[in-house]
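In: 3D model of this:
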Amino acid sequence: MAIEDYYGAVNQISQTTVRNVIGQFALDEVLSETAKINDKIKEIIDSHSEPWGVNVTTVEIKDIKLPEGMQRAMAKQAEAEREKRAKIITAEGEYLSASKLGEAADVIAEHPIALQLRNLQVLSEIAAEKNSTIIFPAQFMSSINDIRKFIEKEMKSIEGLR
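Out: Model prediction:
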C-alpha cells in the first residue's frame, strides 16, 4: 500500500545500497569477503522493503568488474606484498645463519684445531668436485700433527672415563 512499484523501488534501493556498502570496504576485502558484504546489503535492503510487505531472502554479488587501472594497481600491490614477505623470510634466514656462525666461531675459539679440520674438509670437498690435486705447505703438515695429537689426547681422556 505504501508503494506502487515495489519491484522498481527495491531495485533502486539495491543499486544505491550496493554502491554505499562496497564503498565502505577496501578493494581486496570486496573480493575476499563477499559473504559478509552480501549479508550487510541484504540487511539494509530488507529494512527498507519490509514495511512494503517485501521480504528479501538472499542477496548475492555474482560478478565484480574492475577497471583495468584498478586491476594493475591490485597486481602491483600483490607483487609488493610478495616481495615484502620474501625479504622478511630472507632476513630471518640471514639472522639464523649469523647466529649459527657465531656459535661455530665460539666452538672454534675453544678448539682451534676445529678450524684446521674444517679446512681439511673443505679441501676434500673441492678435490672431489674438481678432481684436483692439493699441495699442502709444510706449516700445514705441522697442523696435521697437532690434530693427530689432539685426537690422541681426546681418545685417552675418553678411555680414562671408562
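In: Please report how far residue 10 lies from residue 36.
Out: Distance of residue 10 to residue 36, computed by CB to CB, to the nearest Å: 21 Å. C-beta here means a position set from N, CA and C on the backbone, and glycine is covered the same way.
In: the more surrounded of these two?
Out: Higher neighbour count among residue 10 and residue 36: residue 10, with 18 against 12, using other CB atoms under 10 Å.
In: what packs against the one helix or strand residue 82 maps to?
Out: If you go by DSSP states H and E, residue 82 is part of helix 68-110. In terms of contacts (3 or more CB pairs under 8 Å, 6 or more residues apart in numbering; DSSP states H and E), helix 68-110 is packed against helix 27-32, helix 113-130.
In: Out of those helices, indicate the one that is most buried.
Out: Sort the helices and strands packed on helix 68-110 by mean neighbour count, taking mean count of other CB atoms under 10 Å, and helix 27-32 sits at the top with a mean of 14.
In: so how far is that helix off the chain centroid?
Out: 20 Å (CA atoms, centre = their mean, to the nearest Å).
In: For the spatially most central residue of the chain, give its distance to residue 92.
Out: A centroid search over the chain (CA atoms, centre = their mean) returns residue 85, at 4.6 Å, as the residue closest to the centre. The gap separating residue 85 from residue 92 is 11 Å, by CB to CB.
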